[in-house]
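Novice: sequence first, predicted coordinates after that:
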Amino acid sequence: MFTRIGDAALKKDLDNTLELCKRLGDPHKKFKSIHVAGTNGKGSTSHMLAAIFQQAGYKTGLYTSPHLLDFRERIRVNGQMTPESFVIEFTEQMRSAMEEIQPSFFEMTVAMAFQYFALEQVDIAIIEVGLGGRLDSTNVITPELSVITNISYDHMHLLGDTLPAIAREKAGIIKPGIPVVIGETQSETTAVFLETAAGNNAPITFADQQWLVQSTQLDTSSMQLSLLHTASQQVWPVSLDLNGQYQEKNLMTVLSAAKQMQQLGWELSEAAILEALRHVKKLTGLRGRWEVISQHPLTVFDVGHNQAGIGEIVQQLRHQTYRQLHIVTGFVKDKEVEKVLPLFPQTAHYYFCKAQIPRALDEQELFRLATAHGLKGHAYATVQEAFYAAKQQAHPEDMILVCGSFFIVAEVL
C-alpha cells in the first residue's frame, strides 16, 4: 500500500497531502493549531504545550512522530490514543484514494490525524513536523502560532549541509502574519529567521532572550527550576517531570509560546501552566526522554539520535554518579554516525546493536566505526541481546544508558 519508505517519502511538494485532505473535506481547515518544528526538542515541546492546553480545559489534539510501541501514539486527544477502530475505518475509507494517489506512510498518517482532530472537534491541536518544515506533510495547516525549537545537523542529505540551509527548510513553516517563536538564538541561523519572518510580516520572538534560568535542581524523576521572565522581572518556580537538563531550552520555548497564545486570547493561567508542567508524562503519555526505568543499576532510556541530541545526553551524564557506565546503542543508516561517535565517553563499556528495521545500521559496521574512535565493547545482533548483556554485566552501583534512535529504545521498552 505504501510504496516509499524513509527518505523516499520526502516529496518536492505538498500535493499528495493536499489531495488526501481534499477527499476528506479539508479537515486541516477545521481546527486551530500550533505548528512545531526544529532539529531537537520538538517532541518534548509539543507534549508540554499539549499538557498546558489540556490542563487549561481545552480539548487538545497532539500529533507527533515517530511512535515507540503503538502507531496510535502519534494521534492523541487529551492524552488518549486514537481508537484502533478509527484507524481501521479510516484505512478502509481511504483505500481507493491510497491506491490512486500512492501516498507515503507519513502523508497518510498526517491526513488521518487531521481527520480525527476535525471529527473530535478539538479546540486546538499541537502538530509536530516530521522532517524539515517547508515540504513536510504537516505544512498544509495555517496555525495560530509557529514554533521552531533549534537548528543542528540532521538529515543533511535532504535539508542541506549548513545550518543556514537547514534553517531555511525549518523556516518554511513561518506563515504570513502568524507569530513565530524561535527557541534558541544561534549566530548561524538568526538572520535566516529574521529575514523569513520579515518577509511574511510575522512577529518573531526568541525564547532564550525572554527567559533566564536562575537555578536548576535535578533528581531521578523531575527537575526544579527558577526562571526569570526578563521583561516583567517575574520569577517562575517550575517543577517539570522531564528531568533531562536539556529540557531547560525546551521549557523556555514552551513558556514563550504560552505567552504568545495568551496574547492571542487563549486563557492559560499561570496556575494551569505550572500544574501541567508537573504532569506532562501523565497528561500526554510522553516517554523516552531521559526516562529512568529502574535503580540499582540506574537504567535510563533516551531517544536522542543525532549530533546535538547525543551531545545533550553526554552533558547530562556529567551530572550522574556511577561506578561504571554501560551504553547500549545503535543507529539508522541515514545518520552521520562518524560525527556522533566522537561525542561518546571513552570510559564507558558499549553494547552495539541493530534495531529490527530495514533502515538500521549493521551492528558490526557500527562496532568497526566505534572502535576506530576508541570506544570499547561488543556487537550484538539484536537490541534485546545487547540490553540483556548490559544488565548481566552491570553492578548495582553502575549505570545503563540506552540511546541512539527511537527504534533502539522501542525494542526494550
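Specialist: In hand now; what should we look at? Being a predicted model, the structure only gives us computed values, none of them experimental. Residues are numbered from 1 along each chain as shown.
Novice: can you dump the C-alpha atoms of stretch 388-399 in PDB for me?
Specialist: As requested, the backbone C-alpha atoms of stretch 388-399 are provided in PDB (Å, rounded to 0.1, in the frame of the first residue of the first chain):
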ATOM      1  CA  TYR A 388      20.400  -8.300  28.500                       C
ATOM      2  CA  ALA A 389      24.200  -8.400  28.300                       C
ATOM      3  CA  ALA A 390      24.500  -4.900  29.800                       C
ATOM      4  CA  LYS A 391      22.200  -6.000  32.700                       C
ATOM      5  CA  GLN A 392      24.300  -9.100  33.300                       C
ATOM      6  CA  GLN A 393      27.500  -7.100  33.400                       C
ATOM      7  CA  ALA A 394      26.300  -4.200  35.400                       C
ATOM      8  CA  HIS A 395      27.000  -3.800  39.100                       C
ATOM      9  CA  PRO A 396      24.100  -2.300  41.300                       C
ATOM     10  CA  GLU A 397      26.100   0.900  41.500                       C
ATOM     11  CA  ASP A 398      26.600   1.100  37.700                       C
ATOM     12  CA  MET A 399      24.500   2.900  35.100                       C
END
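Novice: Glu184 is in what secondary structure piece?
Specialist: In the assignment (DSSP states H and E), Glu184 maps to no helix and no strand.
Novice: ok, how many other residues are close to it?
Specialist: 23 (other Cβ atoms under 10 Å). For the C-beta atoms, the positions are set from N, CA and C on the backbone; glycine is no exception.
Novice: so it sits right up against Thr149, yeah?
Specialist: Yes: with contacts counted by Cβ atoms under 8 Å, Glu184 reaches Thr149, the gap being 7.2 Å.
Novice: so what sits against both of the two?
Specialist: Counting by Cβ atoms under 8 Å, 6 or more residues apart in numbering, the residues touching both Glu184 and Thr149 are Lys249.
Novice: mind checking the backbone torsions on the nearest residue to Leu325 once chain neighbours are set aside?
Specialist: Among residues not flanking Leu325 along the chain, Ala348 sits closest, at 4.1 Å (Cβ to Cβ, 6 or more residues apart in numbering). Here is the backbone geometry of Ala348 (degrees, to the nearest 10): phi -80, psi 160.
Novice: can you name the residues that contact Ala348?
Specialist: Gln324, Leu325, His326, Ile327, Leu375.
Novice: then Ala394?
Specialist: Pro297, Gln324, His326, Ile400.
Novice: apply 6 Å and report the result again.
Specialist: Pro297, His326, Ile400 (Cβ atoms under 6 Å, 6 or more residues apart in numbering).
Novice: now swap in Cys21 and tell me
Specialist: Per Cβ under 6 Å, 6+ apart, neighbours of Cys21: His28, Ala111.
Novice: hang on, it is in a strand, isn't it?
Specialist: No: assessed with DSSP: H, G, I helix; E, B strand; the rest coil, Cys21 is helix; it does not lie in a strand.
Novice: and the gap between it and Leu69?
Specialist: Distance of Cys21 to Leu69, computed by Cβ to Cβ, to the nearest Å: 28 Å.
Novice: same deal with Asp13?
Specialist: 33 Å.
Novice: can you tell me the SS state at Pro126?
Specialist: You called it Pro, but residue 126 is Ile. Using three-state DSSP, the structure places Ile126 in strand.
Novice: count of residues packed around it?
Specialist: Counted with other Cβ under 10 Å, the neighbours of Ile126 add up to 28.
Novice: from Leu227, how far off is the residue lying closest to Pro83 once chain neighbours are set aside?
Specialist: Closest residue in space to Pro83, ignoring its immediate chain neighbours: Arg72 at 7.8 Å, by Cβ to Cβ, 6+ apart. Arg72 is 34 Å from Leu227, where distance means Cβ to Cβ.
Novice: for Arg95, same thing?
Specialist: For Arg95 relative to Leu227 (Cβ to Cβ), the value is 50 Å.
Novice: which of the two has more residues huddled nearby?
Specialist: Counted by other Cβ under 10 Å, Arg95 and Leu227 do not tie: Leu227 has more neighbours, with 21 against 11.
Novice: phi, psi of the closest residue to Tyr350 other than its chain neighbours?
Specialist: Excluding the flanking residues, the one nearest Tyr350 by Cβ to Cβ, 6+ apart is Gly377, at 2.8 Å. Backbone torsions of Gly377, given as degrees, to the nearest 10, read phi 170, psi -160.
Novice: my read: Gly377 touches Gln346, true?
Specialist: No: counting by Cβ atoms under 6 Å, Gly377 stays clear of Gln346, with 10.8 Å between them.
Novice: start to end distance for stretch 175-186?
Specialist: Stretch 175-186 has an end-to-end distance of 21 Å (criterion: Cα to Cα, to the nearest Å).
Novice: before we move on, the earlier item: more neighbours, Asp13 and Leu69?
Specialist: Comparing Asp13 with Leu69 by other Cβ under 10 Å, the one with more neighbours is Leu69, at 11 against 8.
Novice: who's His378 bridged to?
Specialist: Tyr351 (DSSP bridges).
Novice: quick one on the thing from earlier: can I get the contacts of Ala394 in CSV including neighbour count, distance to Gln356 and secondary structure?
Specialist: As requested, the contacts of Ala394 are arranged in CSV below (neighbours: other Cβ atoms under 10 Å; distance: Cβ to Cβ, whole Å; DSSP: H, G, I helix; E, B strand; the rest coil):
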residue, neighbour count, distance to Gln356, secondary structure
Pro297, 21, 25, coil
His326, 25, 21, strand
Ile400, 25, 20, strand
